[in-house]
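Asks: What follows is a predicted protein model with its sequence.
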Amino acid sequence: MDQVRALVAAGGLVDGDMLPSIRELAGSLEVNMMTVSKAYSKLEAEGAVARVRGRGMKVVTTVPAASLAERRSGAAVMLEPAVLQAIHLGLTDEQIQSIVQRLLREKRL
């Protein structure tokens, strides 16, 4: 799920791109097909992909329906563990902000 989100954010996957079939992806990752199926279902529930009958899952890159406040809250939940880890590594606020700024520049290209 994280890889799909990262590829969309980086432009590696765009609106309308088809994802590999459950069987194909499970085989290449050497994981159970149910694992891939659950991940695809969660991505579909998030609105990141849409099921295309008989073809598989299609990437959807429209702006989420959630409000800005809801999206900010969701991002904070995801970022909190990384920020806490950086603090535990002894990084200063400025060093953490520098890392985040660099990542934003790289991912928005």
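Replies: Nice, thanks for sending it over. Numbers count the residues shown, from 1 in each chain.

Asks: Dihedrals phi and psi, residue 52?
Replies: Per-residue torsions, residue 52: phi -110, psi 110 (degrees, to the nearest 10).

Asks: do the same with residue 14
Replies: The phi and psi torsions at residue 14 (degrees, to the nearest 10) take the values phi -120, psi 170.

Asks: thought it was touching residue 58?
Replies: No - between residue 14 and residue 58 there is no contact, the gap being 10.7 Å when judged by Cβ atoms under 8 Å. Heads up, the C-betas are built off the backbone N, CA and C, glycines and all.

Asks: got the contact list for stretch 72-88?
Replies: The set of residues that contact stretch 72-88 without belonging to it, under Cβ atoms under 8 Å, 6 or more residues apart in numbering, is 66, 95, 96, 99.

Asks: got the buried residues for that stretch?
Replies: Residues of stretch 72-88 classed as buried by neighbour count (16 or more other Cβ atoms under 10 Å): residue 86.

Asks: What's the mean pLDDT across stretch 6-15?
Replies: Taken as a whole, stretch 6-15 has a mean pLDDT of 82.

Asks: quick one: that stretch to chain centroid distance?
Replies: Using Cα atoms, centre = their mean, to the nearest Å, the distance from the centre of stretch 6-15 to the centre of the chain it belongs to is 9 Å.

Asks: Got the domain ranges for this protein?
Replies: Structural domains assigned to the chain are 2-59, 68-107, following automatic domain parsing.

Asks: Most neighbours among the contacts of stretch 72-88, which one is it?
Replies: Using other Cβ atoms under 10 Å as the neighbour test, those are led by residue 96, with 16 neighbours.

Asks: in terms of contact, does residue 60 touch residue 52 like I think?
Replies: No - applying Cβ under 8 Å, one finds residue 60 not in contact with residue 52, separated by 10.6 Å.

Asks: Would you mind telling me which of these two has the busier surroundings?
Replies: A side-by-side neighbour count of residue 60 and residue 52, using other Cβ under 10 Å, places residue 60 first with 17 against 12.
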